[in-house]
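>>> everything below, folded, please.
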Amino acid sequence: MQHGITMVGLGDIGFLTAVVKDSFICNCVNIILADLGGEIIGWSIAVIDSRSYWRRFILRHPLLGARIVFGRLSARANNRGKREACSPTASGLGQNGQMDWPRCSTVAWGSSSTSIARHIDITVVEQHRQVGLGSQLQLAHIESLGKCGVRRVDAVISQGNVASIKFHIKHEWSLVKTDESMIYISKDIECAVQANDSDSLSWNPERILLPFTLGEVCLCALKFRGIRSDPDIFKVPTMGKVPPPVSALKNAGRQVAYIYSCPLYSRLPTFSLVGGHIRYVSQQYQHYYVCLDQEFRDYLVGFSTKTLSTLMRKVRKAESSNRQRQLFRTYSHPDDIDEFFDTALPISEKSYQQQLLGQGLPRAMEYREHVKSDAEQGRFLGFLLYVEDTPVAYNCCPVRGGNAVLYDHTGYDPEFSKYSPGTVLQYKIIENLFEKGRFGFYDLCTGEGRHKELFATGSMLCANVYFFPITFHHALFVCLKILVDKTTSCVNSLVDRVGVKDKLKKLIRRTWKR
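Numbering: from 1, shown residues only. This is a model prediction of the structure:
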């Protein structure tokens, strides 16, 4: 089925499946598909920052990795024997296929960064070849990579693959070097749209908080007049450099900007001077989500037998504690919003989210009216969990873009922690969303909690990013914030090393009062 670039092992369904699955959990895999009436008839695959990607791939899939290495070695040996039989010279390409190649002697082929991609496969099914589909796939993929901030694409072709050589000469790839079995080529992306333009995000004037926290305890928070962006990670292109939104700041007449959960290709330095601003990256984390494009029973297959058994035991325990109430209830109609809030607010007041973090369910009537308005447009879901016939946990979930349900305000009554209400509610919500069948993702939002990792089917590297003007007092605030965070990190490492981190966290959540 190969049309162009050949990579040993990619024809193996196990290898291809592993790469495709990685595309859901790793931003380094970029895939373009061609379909006809719902049937996939071609694809193009590239990886960004390829050395880092393949190192992680081999660690995740050691058996496949070993097979790839041995396959590449065998292919090199086979290509030596085929080189004369499939000579490019006979096809008018010149010795080693070099005659008609644009030459590029300056490219360090094989270098790896977030601005360089490695094209590893382009395939068109046999009955749809010779109609230009391969060219369309490649052009679309080059454009897609450019929007991701990629400036250059590298590829390697077997010396005996004459069709692939002609294909890439036609599309003006440049020859970098050759050896006895392979041809190494590269293509610059000059006119693609940059995905590093923060001004292209949606910005809103808002009061920006810079909190100083010790673990989960907020000591104080500095307030700034600024602008804020909350990008949809499923729609906004992943960023590489993340420059300051200069135009957005100027238009809003503000000095400080904040991006909440900005999708990244790779980690950024905590403190840097970029575009005349201080860029402070306060957090970098895996942003977890559940992809809802399968059946619920197929989703459960992803759990280990032991984990699923433990999870189901918790659900049955909570369910059997009720005598009159159902375990789980959903709210989505505007007329039900008052009942949801009247039931959820008392839970919120007892929850550690409110007591410790001050992030409980908002009590303001303006917020309730806003939720009612969202419910009228089908953009809100509320969930309650009952144990011992008592409401003990809630989730308040807005729907963004009509496709993603956000795990937003949540809380549970700590008096009922023996029933694992947070875990049970999360399970029931995911089950309900699969049953509804009208959403694409359940966005578990920021934070790297164990229960999020447990339930997630994928994740994306994201960061919370501040931009400040370069002044003495702004630099001082950021340095103090970094110092407090470093201290917190050292304390966390210490208590984790002595094995009391979880116990201490539970103690703080149960006893701390704001």
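>>> longest single helix anywhere in this protein?
Taking DSSP state H as the criterion, the chain has its longest helix at helix 472-497.
>>> list the buried residues for it?
Of the residues in helix 472-497, 474, 475, 477, 478, 481, 484, 485, 488, 495 count as buried by neighbour count, 16 or more other Cβ atoms under 10 Å. Where you see a C-beta, it was placed from the backbone N, CA and C, and this is true even at glycine.
>>> could you check the pLDDT of residue 104?
Residue 104 carries a pLDDT value of 64.
>>> cool, and residue 402?
78.
>>> next: residue 27.
The confidence metric pLDDT takes the value 66 at residue 27.
>>> hmm, back to that, now the buried residues of helix 472-497 in a markdown table, with pLDDT and distance to residue 284?
Below are the buried residues of helix 472-497 laid out as a markdown table (pLDDT from 0 to 100; distance: Cβ to Cβ, whole Å):
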| residue | pLDDT | distance to residue 284 |
| --- | --- | --- |
| 474 | 95 | 21 |
| 475 | 95 | 21 |
| 477 | 95 | 20 |
| 478 | 95 | 16 |
| 481 | 94 | 15 |
| 484 | 89 | 17 |
| 485 | 89 | 12 |
| 488 | 82 | 15 |
| 495 | 68 | 22 |
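>>> from those residues, which single one is nearest residue 394?
Closest approach to residue 394 among the buried residues of helix 472-497 (Cβ to Cβ): residue 488, at 29.0 Å.
>>> does that closest one really touch residue 214, like I thought?
Yes - assessed by Cβ atoms under 8 Å, residue 488 is found in contact with residue 214 at 5.5 Å.
>>> the strands in the stretch 351-500 of the chain, which residues?
Ranges of strands within the stretch 351-500 of the chain are 380-387, 390-400, 404-406, 409-412, 441-443, 458-469, based on DSSP state E, counting those that start in this stretch.
>>> what angle do the strand ranked longest in the chain and helix 472-497 make?
Ranked by residue count and defined by DSSP state E, the top strand of the chain is strand 277-291. For strand 277-291 against helix 472-497, the angle by axes from the mean of the first three to the mean of the last three Cα atoms, to 10 degrees is 40 degrees.
>>> residue 444 - how many residues pack around it?
24 (other Cβ atoms under 10 Å).
>>> and the contacts of stretch 293-305?
290, 308, 311, 430, 431, 434, 435, 440, 457 (Cβ atoms under 8 Å, 6 or more residues apart in numbering).
>>> try it again at 6 Å.
431, 434 (Cβ atoms under 6 Å, 6 or more residues apart in numbering).
>>> next, the buried residues of that stretch.
So for stretch 293-305, counting by 16+ other Cβ under 10 Å, buried means residue 299.
>>> stretch 452-467 now?
452, 455-467.
>>> what's in contact with it?
Residues outside stretch 452-467 that contact it (Cβ under 6 Å, 6+ apart) are 24-25, 233, 242, 244, 257-264, 277, 279-284, 286-291, 426, 444.
>>> circling back to that earlier point, from the contact counts, what lies against the longest helix of the chain?
strand 277-291 (3 or more Cβ pairs under 6 Å, 6 or more residues apart in numbering; DSSP states H and E).
>>> which parts of the strand it packs on are buried?
Neighbour-count burial for strand 277-291 [16+ other Cβ under 10 Å]: 277, 278, 279, 280, 281, 282, 284, 286, 287, 288, 289, 290.
>>> return stretch 284-301 as CSV; C-alpha atoms alone will do.
Once non-C-alpha atoms are left out, stretch 284-301 reads as follows in CSV (Å, rounded to 0.1, in the frame of the first residue of the first chain):
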residue,chain,number,x,y,z
GLN,A,284,3.1,22.9,33.3
TYR,A,285,1.1,19.7,33.4
GLN,A,286,-0.7,17.0,31.5
HIS,A,287,-4.2,18.2,30.7
TYR,A,288,-6.3,15.0,30.9
TYR,A,289,-9.5,14.2,28.9
VAL,A,290,-11.8,11.3,28.0
CYS,A,291,-12.4,10.7,24.3
LEU,A,292,-16.1,9.7,23.9
ASP,A,293,-16.0,8.4,20.3
GLN,A,294,-16.4,4.7,21.3
GLU,A,295,-18.8,2.5,23.2
PHE,A,296,-18.6,2.5,27.0
ARG,A,297,-17.8,-1.2,27.2
ASP,A,298,-14.8,-0.5,24.9
TYR,A,299,-13.7,2.3,27.2
LEU,A,300,-13.8,0.0,30.2
VAL,A,301,-11.5,-2.4,28.4
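>>> off-centre distance for that stretch?
12 Å (Cα atoms, centre = their mean, to the nearest Å).
>>> before we move on, what about stretch 390-406?
So, by Cα atoms, centre = their mean, the centroid of stretch 390-406 is 20 Å from its chain's centroid.
>>> alright, calling it a day.
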